[in-house]
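K.L.:
Structure, please.
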Amino acid sequence: MREVVAESMRSFLQDHVPAGADGQVFRVASRFALIGAAGEIAAALGILPWEPGEALKAAKICFDAWLDARGGVEPAEVRDGINAVKAFLSANGTSRFLAAWEDRADEARIPNLAGFRRKVGDSIEYLITTDAWPEIAAGFDPKSLAAALADRNLLVLPSSGPHRAKMVRIPGHGNRRVYHISPDLLEDPNA
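P.N.:
Alright, predicted model coming up:
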């Protein structure tokens, strides 16, 4: 019986847990796999009036619903960190980011400046100062959060070197080291 359950679980996990999924996803999938395997055994013994494969199918439906509610297979800290950056930019995009590339005298003095913004076509990209990055990444590891954004192509990296922040010439402010956030962060609902 142990071998049957172990093989059923191994198959379930291989079929339904993407490579690179967070450990929590794997642990929860293991529980659904165990429930599915138990259901299959109960059906095979005539305890439940189900067709073969029905318990595993139900376990997959439940696992998929849990995964959708969780928001994906990456670590929750990464997802929450990316959402925190989105929320900060949405809440403070016009009040704490100077439109340095536009000729707008009314924005020349921004208290507690977090960075700069510029229009690129119909989109806006944000350039967050290295001083403001720890505030925006509060509650998360700033380096790991920058790496997670870079891995998803939501952070525009320097053309060379190991740094996540890059040097950009800001009109009226000279060269500044900034975290260059791609417009995709706010525009792509799957970002």
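
K.L.:
Can you tell me the centre-most residue of the chain?
P.N.:
Closest to where the C-alpha atoms of the chain average out (C-alpha atoms, centre = their mean) is Arg79, at 3.4 Å.

K.L.:
So it is in contact with Gly71, correct?
P.N.:
Yes - using C-beta atoms under 8 Å, Arg79 is in contact with Gly71, at 5.4 Å. For the C-beta atoms, the positions are set from N, CA and C on the backbone; glycine is no exception.

K.L.:
Below-threshold pLDDT in the chain: ranges please.
P.N.:
Low-confidence segments of the chain (pLDDT under 70): 103-108, 189-191.

K.L.:
what are the ranges of the helices in it?
P.N.:
Along the chain, the stretches classed as helices by DSSP state H are 2-16, 23-44, 54-70, 76-92, 133-136, 142-151, 184-187.

K.L.:
give the contact list for the residue of the chain most remote from its centre.
P.N.:
Distance from the C-alpha centroid of the chain peaks at Gly46, with 44.3 Å (C-alpha atoms, centre = their mean). Neighbouring residues of Gly46 by C-beta atoms under 8 Å, 6 or more residues apart in numbering: there are none.

K.L.:
How much space separates it from Gly36?
P.N.:
Taking C-beta to C-beta, to the nearest Å as the measure, Gly46 falls 18 Å from Gly36.
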